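Asks: Would you be able to build a 3D model of this:
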Amino acid sequence: MAVVVGYPRQPWQLGGHMPYSEDFLDIRQLCARYPGRSGGRLNPATPWRWITRGLLVPDGTRVYLRAVRVGARWMIRESDWERFLAALTSANAGPADPTPPPRSAHAREKASEAALRELERLGL
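Replies: Numbers count the residues shown, from 1 in each chain. The predicted structure follows:
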């Protein structure tokens, strides 16, 4: 299952146009603004992969960076970049309060017996 961040990826799903109320960045500009994995510049192949192949997240879905093709360039809106980062952050954050898995009947019985022994030791 694919998760598309921002607007639909296919031009025909946009109703023939994309809103141009924001500034666009091309891949080169995006790479110059944000650091890569080792602290240097982001490699241009990385956002290209995020646009074309998406990024697999722990739950098994793919998150795509929304972009439009203008001639030979991919153009990315700032808001789409922020949505992409937010989707990755929430996908990797996991549940806020993870619940422990339920104990088996044997584990519950052992815990109950241990609690009973502790109560007897305390004289209660």
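
Asks: what's the longest helix in the chain?
Replies: For the chain, the longest helix by residue count, based on DSSP state H, is helix 105-122.

Asks: Give the other helices and strands that that one contacts.
Replies: Where contact means 3 or more C-beta pairs under 8 Å, 6 or more residues apart in numbering; DSSP states H and E, helix 105-122 is not packed against any helix or strand. Glycine gets a C-beta too; all of them are placed from N, C-alpha and C.

Asks: Name the next helix or strand downstream of the helix or strand encompassing V63, please.
Replies: For V63, the element it lies in under DSSP states H and E is strand 62-64. Later in the chain than strand 62-64, the nearest helix or strand by DSSP H and E is strand 68-70.

Asks: wait, isn't L55 in contact with T61?
Replies: No. Here L55 does not reach T61: they are 9.7 Å apart, not a contact under C-beta atoms under 8 Å.

Asks: These two: which has the busier surroundings?
Replies: Per other C-beta atoms under 10 Å, whichever of L55 and T61 has more neighbours is L55, with 17 against 14.

Asks: So what sits opposite the nearest residue to that one once chain neighbours are set aside in the bridge?
Replies: Spatial nearest neighbour of L55, chain neighbours left out: V63 (5.3 Å); criterion: C-beta to C-beta, 6 or more residues apart in numbering. In this entry, V63 is beta-bridged to V3, L55, by DSSP bridges.

Asks: Any idea which residue is closest to the centre of the protein?
Replies: Nearest to the geometric centre of the chain sits L88, at 1.9 Å (C-alpha atoms, centre = their mean).

Asks: which other helices and strands contact the longest strand seen in the chain?
Replies: Longest strand in the chain by number of residues (criterion: DSSP state E): strand 73-77. Judged by 3+ C-beta pairs under 8 Å, 6+ apart, the packing partners of strand 73-77 are strand 24-26, helix 27-33, helix 45-52, strand 68-70.

Asks: Compute the inter-axis angle for the next helix or strand after it and helix 45-52.
Replies: Downstream of strand 73-77, the next assigned helix or strand under DSSP H and E is helix 78-93. Calculated by axes from the mean of the first three to the mean of the last three C-alpha atoms, to 10 degrees, helix 78-93 forms an angle of 90 degrees with helix 45-52.
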